[in-house]
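A.B. asks: Quick check, what structure comes out for this input:
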Amino acid sequence: MSLRDRINDDMKAAMRAKDSARLLTIRGLLAACKQREVDERITLDDAAIVGIVDKLVKQRKDSIAQFTAGNRPDLVEKESAELAVLEQYLPQRLSADEIAAEARQVVAELGASGPGDMGKVMAALKARLAGKADMSLVSGAVKQALASKS
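C.D. replies: Numbering: from 1, shown residues only. Modelled structure (predicted):
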């Protein structure tokens, strides 16, 4: 079953259960997917949908941080609920150790030697770890791998 089919099935289940918060989040996800398909005139595959979900998760995390700083627990609760729904559509995340190992492997494969090669390594890792890892953690692992290499 494709990810889009799973999302559509979950939307139907949320409608039947009259779970309006979950339904709103899923509809927002489907709208973002449809918008990208219309804008770029493509049909999204599972990897592209995971990329959209990842972007929406990052937005929710940023919003939670802002609402927490602004002392808005009502909005933090709403965003946290949406975050929980969206995270169900992401693949299993890699641990920090696995991310570090991947970073060291790519640095070795590319022969990267210093901070100047950061972009090249990040581009390779972004393609390899899309949806499987938080890119801010990947960036930290790459910096550490490059520092130990130089």
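A.B. asks: so is residue 27 in a helix, a strand, or just coil?
C.D. replies: Three-state call for residue 27 (DSSP: H, G, I helix; E, B strand; the rest coil): helix.
A.B. asks: So for it, what's the pLDDT?
C.D. replies: We have a pLDDT of 97 for residue 27.
A.B. asks: Helix or strand: which one has the residue nearest the centre of the chain?
C.D. replies: Closest residue to the average C-alpha location of the chain: residue 54 at 2.1 Å, with Cα atoms, centre = their mean. Using DSSP states H and E, residue 54 sits within helix 46-69.
A.B. asks: what angle do whichever helix or strand comes after that helix and helix 46-69 make?
C.D. replies: Next in sequence after helix 46-69, counting helices and strands by DSSP H and E, comes helix 73-87. With axes from the mean of the first three to the mean of the last three Cα atoms, to 10 degrees applied, the angle from helix 73-87 to helix 46-69 works out at 160 degrees.
A.B. asks: how far does helix 73-87 sit from the chain's center?
C.D. replies: Relative to its parent chain, helix 73-87 has a centroid offset of 15 Å by Cα atoms, centre = their mean, to the nearest Å.
A.B. asks: Residues contacting that helix, please?
C.D. replies: Applying Cβ atoms under 8 Å, 6 or more residues apart in numbering, the contact partners of helix 73-87 are 21-22, 25-26, 28-29, 53, 56-57, 60-61, 63-64, 67-68. C-beta coordinates here come from the backbone N, C-alpha and C atoms, glycine included.
A.B. asks: measure residue 118 to residue 126 for me?
C.D. replies: Distance from residue 118 to residue 126, counting by Cβ to Cβ, to the nearest Å: 12 Å.
A.B. asks: What residues of stretch 89-97 count as buried?
C.D. replies: 89, 94 (16 or more other Cβ atoms under 10 Å).
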